[in-house]
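Engineer: sequence and predicted structure below; questions after.
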Amino acid sequence: MSVVDTATQAARTIAEKPRRARRPGLVRSATAVAVLVGIVILWQIGTMAAGQRFFPTPLEIIENTPGVLFQTGAGNDAAPFFADVLPSLARMAAGFLGGTVAGVLLGAFLGWFGPARDYAAPITEFLRSVPATAVLPIFIMLLGIGSNMQILFISWGVMWFVLINTTAAVAEIHPTVLDMTKTFRIPKAKVLLRIVLPAASPKIFAGMRIGLTAAMILFVTSEFMGATNGIGYQLIVTQSRFQVLDMWSWMLVIAVAGFLANTILEAIEARVLRWHTASRRK
């Protein structure tokens, strides 16, 4: 084999590597879709065979959902999609962002300063061990009923997941790296923004993904008590009125909203952590 042939073969091998790397991802995605479709089919067949009134078929739920979201009542009332879905998602997004920012800032401080981390550890462990849903009555008593209470309640629950991961990630940065920044007299603000937080970002995003799941749970829970609108409010209203099909439609809305939110966060994570993914592949 000549040198030209060897170089050509090497070039082909390099060009084929990205294609080969994509195949496992495509296989996993296809498998996940096939499993989901299989579950829906089994649900459809099982429900039709059993004839349970409390478990409508997936087709019935899908057909009913647009009417639930866009129906208008008497007068000039807005459709539930605008009166309930959008406000709920806005509160969830605001609470998630607020909890993430608070968790990153406080976690970076505790991770950077060892004495502060040691003193705060017992308090942190105690507070994070209390389920967020258990403190909802306290938020209602202090802040009353309304969007502000719900946003702060969601932020409280999300903050702990981001805080713990950020603290651990910042504390794990090798002291030699920080000593080098002192040697070169790099300002601490630049060290934090250019070195510490980027190095900790993989674990921060891991905490954010868990926090997003918590935000989905907490925004629905916060609308169970004293709310006048929202997805959780509609869910509890339809359940109390035995509107079973509408109740399942609202659960489908929650599932779709959670899927879309997780997809958006994954896209942001992939964009921000491209360097991390590339280094792991190498």
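Structural biologist: Okay, I see it.
Engineer: and the gap between residue 59 and residue 47?
Structural biologist: Distance of residue 59 to residue 47, given as C-beta to C-beta, to the nearest Å: 10 Å. All C-beta atoms are positioned from the backbone trio N, CA, C, and that covers glycine.
Engineer: and what of residue 200?
Structural biologist: Relative to residue 47, and taking C-beta to C-beta, residue 200 is found at 47 Å.
Engineer: ok, these two, which is more surrounded?
Structural biologist: Per other C-beta atoms under 10 Å, whichever of residue 200 and residue 47 has more neighbours is residue 200, with 24 against 17.
Engineer: for that one, give me its contacts.
Structural biologist: Counting by C-beta atoms under 8 Å, 6 or more residues apart in numbering, residue 200 makes contact with 108, 111, 166, 169-170, 173.
Engineer: and the least confident of the residues you listed?
Structural biologist: Lowest in pLDDT among these is residue 173, which has 88.
Engineer: the closest residue to that one other than its chain neighbours: neighbouring residues, count only.
Structural biologist: In this structure, residue 173 finds its nearest non-sequential neighbour in residue 199, 5.6 Å apart by C-beta to C-beta, 6 or more residues apart in numbering. By other C-beta under 10 Å, 17 other residues sit near residue 199.
Engineer: count the neighbours of the closest residue to residue 210 other than its chain neighbours for me.
Structural biologist: Spatially, and ignoring its direct neighbours in sequence, residue 210 is nearest to residue 161 (4.5 Å; C-beta to C-beta, 6+ apart). For residue 161, the number of neighbouring residues by other C-beta under 10 Å comes to 23.
Engineer: for residue 163, same thing?
Structural biologist: The burial count for residue 163: 28, using other C-beta under 10 Å.
Engineer: what of residue 182?
Structural biologist: Here the number of neighbours of residue 182 (other C-beta under 10 Å) works out to 10.
Engineer: could you check which helix or strand contains it?
Structural biologist: When elements are assigned from DSSP states H and E, residue 182 belongs to helix 175-183.
Engineer: now do that helix: distance to the chain's middle.
Structural biologist: Relative to the mean C-alpha coordinate of its chain, helix 175-183 is positioned 34 Å out (C-alpha atoms, centre = their mean, to the nearest Å).
Engineer: output it as CSV - backbone C-alpha positions only.
Structural biologist: The C-alpha trace of helix 175-183 is given here as CSV (Å, rounded to 0.1, in the frame of the first residue of the first chain):
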residue,chain,number,x,y,z
PRO,A,175,-5.5,23.9,45.8
THR,A,176,-2.6,24.1,43.3
VAL,A,177,-4.9,25.8,40.8
LEU,A,178,-5.9,28.5,43.3
ASP,A,179,-2.3,28.9,44.4
MET,A,180,-1.3,29.6,40.8
THR,A,181,-3.9,32.3,40.5
LYS,A,182,-2.4,34.0,43.6
THR,A,183,1.0,33.7,42.1
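Engineer: can you give me the buried ones in that helix?
Structural biologist: Neighbour counts over helix 175-183 (16 or more other C-beta atoms under 10 Å) mark 178, 181 as buried.
Engineer: now do stretch 196-207
Structural biologist: Residues 196-197, 199-205, 207 are the ones in stretch 196-207 that count as buried (16+ other C-beta under 10 Å).
Engineer: list the residues that contact the residue nearest to residue 173.
Structural biologist: By C-beta under 8 Å, 6+ apart, the neighbours of residue 199 are 169, 173, 177.
Engineer: how about residue 79: what's its closest non-neighbour residue?
Structural biologist: Closest residue to residue 79 apart from its sequence neighbours, by C-beta to C-beta, 6+ apart: residue 70 at 4.6 Å.
Engineer: wait, the one you found touches residue 84, no?
Structural biologist: No - contact criterion C-beta atoms under 8 Å: residue 70 and residue 84 do not qualify, at 11.4 Å.
Engineer: okay, those two: which has more neighbours?
Structural biologist: residue 84 (26 against 11).
Engineer: show me the shaky parts of this structure.
Structural biologist: 1-25, 51-53, 73-76, 277-282 (pLDDT under 70).
Engineer: okay, helices next: where are they in it?
Structural biologist: 3-50, 58-70, 80, 86-112, 114-128, 136-143, 147-171, 175-183, 188-191, 197-222, 231-240, 244-272, 274-281 (DSSP state H).
Engineer: ok so, going back, nearest to residue 98, of the contacts of residue 199?
Structural biologist: Closest approach to residue 98 among the contacts of residue 199 (C-beta to C-beta): residue 169, at 20.2 Å.
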